[in-house]
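In: Next input, structure requested:
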Amino acid sequence: MLNFIYYPVSFILWCWHWVFGHIFGEASGFAWALSVVFLVFTLRALLFKPFVGQVRSMRKMQEFAPELQKIKKKYANDRQRQAQEMQKLQSEHGVNPLGGCLPMLVQIPVFIGLFHVLRSFKPGWGEVYFFDAKGVESFVNAKLFGANLSTFITMPERELAQFATERTSVLYVAIPMMIVASIATHFTARHSVARQTQAAADNPQTAIMNKLTLYIFPIGVLVGGLFFPIAILLYWLSNNAWTLAQQYFVYHRIDREEAEKKEAATQQRQALAPKPGVKPPRPGAKPAPGAKSAAGAKSAAGAKPAGKPAGEAEKQDTPPSDEPAANGKPSTEIPGLSPDRSAGKKQGNKRRR
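Out: Down below sits the predicted model:
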């Protein structure tokens, strides 16, 4: 029924075994172990972009978490209206709540597919999905530090005998991997929780999920290791190692981007801010009467009246002269008037007296 999962998973495993089989040998336990590890890396690399979108979505949701709390309180008695308002707010901020769950949801069928394929590698079986009988026999005979990759701690003695593996060898290999995988699961969850804002951490639902991921999941890995084949423990260990490295890389890159945006915004505000000692102009304020710039005053001083010849302008600007005329008598001419008009104006003044 789930062949659409089993065949792709077995194909990726076959490709990596073909690569490492040429290096270590087809029946080498290291070749099969590295094939499982790089199967995980391949699948996680395909999910890298959705993971980045998940982180960005979580950061945005943390930014407007207080607004979500207000909506919950405002429509506490109307669940339908509350859901509508929350969806509206998320769409306005460009956040898809299901996008953050995509990488986790995709890993579940991959885990199921790998678990089923590895459990199908048993002595005497023929073809297993993309592997022929020779490939299945190679996996069955391969051992990692004396333990077969399909064996697990609680496997019955009869089945262990089919793999020619002792339980002690399985314990020596499985127990350290269980402990390391459990610790890695705890630190992976701890790194994610440390990135949450205080408002998100105070949310009761988030607090419950944090406790589950910090403590319950690592304990689940430790207990489940009793029933998981060694190859599944390899999958779990390499998956946590990838997650830790990926979180470190993605979170630091997003932090740098946000720091650069804040720095650019700060520089822009500083460029637009008035210089020290200079008061910013009030909106709609008019310049003081008679206030001109130095360049405007200089241009106005050197300007000549428009529409008049240059000679006439010079005559008007020349002040009246107090020097005597050529005949020794003071001049009776009034500046700006012709001689006849000046004399007439003088006689009129005498008659008034």
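
In: so where do the strands sit in the stretch 101-250 of the chain?
Out: 143-144, 147-148 (DSSP state E, counting those that start in this stretch).

In: got JSON lines for those strands, with mean neighbour count and mean pLDDT too?
Out: Backbone N, C-alpha and C define where each C-beta goes, glycine included. What follows is the strands of the stretch 101-250 of the chain, written out as JSON lines (neighbours: other C-beta atoms under 10 Å; pLDDT from 0 to 100):
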{"stretch": "strand 143-144", "mean neighbour count": "20", "mean pLDDT": "89"}
{"stretch": "strand 147-148", "mean neighbour count": "26", "mean pLDDT": "90"}
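
In: out of those strands, which comes closest to residue 190?
Out: Smallest distance to residue 190 across the strands of the stretch 101-250 of the chain (C-beta to C-beta): 29.2 Å, for strand 143-144.

In: Give the other helices and strands that that closest one contacts.
Out: helix 29-46 (3 or more C-beta pairs under 8 Å, 6 or more residues apart in numbering; DSSP states H and E).

In: what about the next helix or strand after the helix it packs on, average pLDDT?
Out: Helices and strands here follow DSSP states H and E; after helix 29-46, the next one along the chain is helix 48-63. Averaged across helix 48-63, pLDDT comes to 75.

In: Helix 48-63: which residues count as buried?
Out: Buried residues in helix 48-63, counted by 16 or more other C-beta atoms under 10 Å: 50, 51, 52, 54, 55, 56, 57, 58, 59, 61, 62.

In: now the angle between helix 29-46 and that helix, please.
Out: If you take axes from the mean of the first three to the mean of the last three C-alpha atoms, to 10 degrees, helix 48-63 sits at 50 degrees to helix 29-46.

In: Just the C-alpha atoms of the helix or strand following helix 48-63, please, in PDB.
Out: The first helix or strand that comes after helix 48-63 along the chain, using DSSP H and E, is helix 65-74. The C-alpha coordinates for helix 65-74 follow below in PDB (Å, rounded to 0.1, in the frame of the first residue of the first chain):
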ATOM      1  CA  ALA A  65       1.900  36.600  19.000                       C
ATOM      2  CA  PRO A  66       0.500  39.400  21.200                       C
ATOM      3  CA  GLU A  67      -2.000  40.300  18.600                       C
ATOM      4  CA  LEU A  68      -3.100  36.600  18.400                       C
ATOM      5  CA  GLN A  69      -3.500  36.700  22.200                       C
ATOM      6  CA  LYS A  70      -5.800  39.700  21.900                       C
ATOM      7  CA  ILE A  71      -7.900  38.000  19.400                       C
ATOM      8  CA  LYS A  72      -8.200  34.900  21.600                       C
ATOM      9  CA  LYS A  73      -9.400  37.000  24.500                       C
ATOM     10  CA  LYS A  74     -11.700  39.200  22.500                       C
END
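
In: Quick check: buried residues in the following helix or strand past helix 65-74?
Out: The helix or strand immediately downstream of helix 65-74 is helix 79-92, counting by DSSP H and E. By neighbour count on 16+ other C-beta under 10 Å, the buried set for helix 79-92 is 82, 85, 86, 89, 90.

In: Where does pLDDT dip in the stretch 251-353 of the chain?
Out: In the predicted model of the stretch 251-353 of the chain, residues 275-353 satisfy pLDDT under 70.
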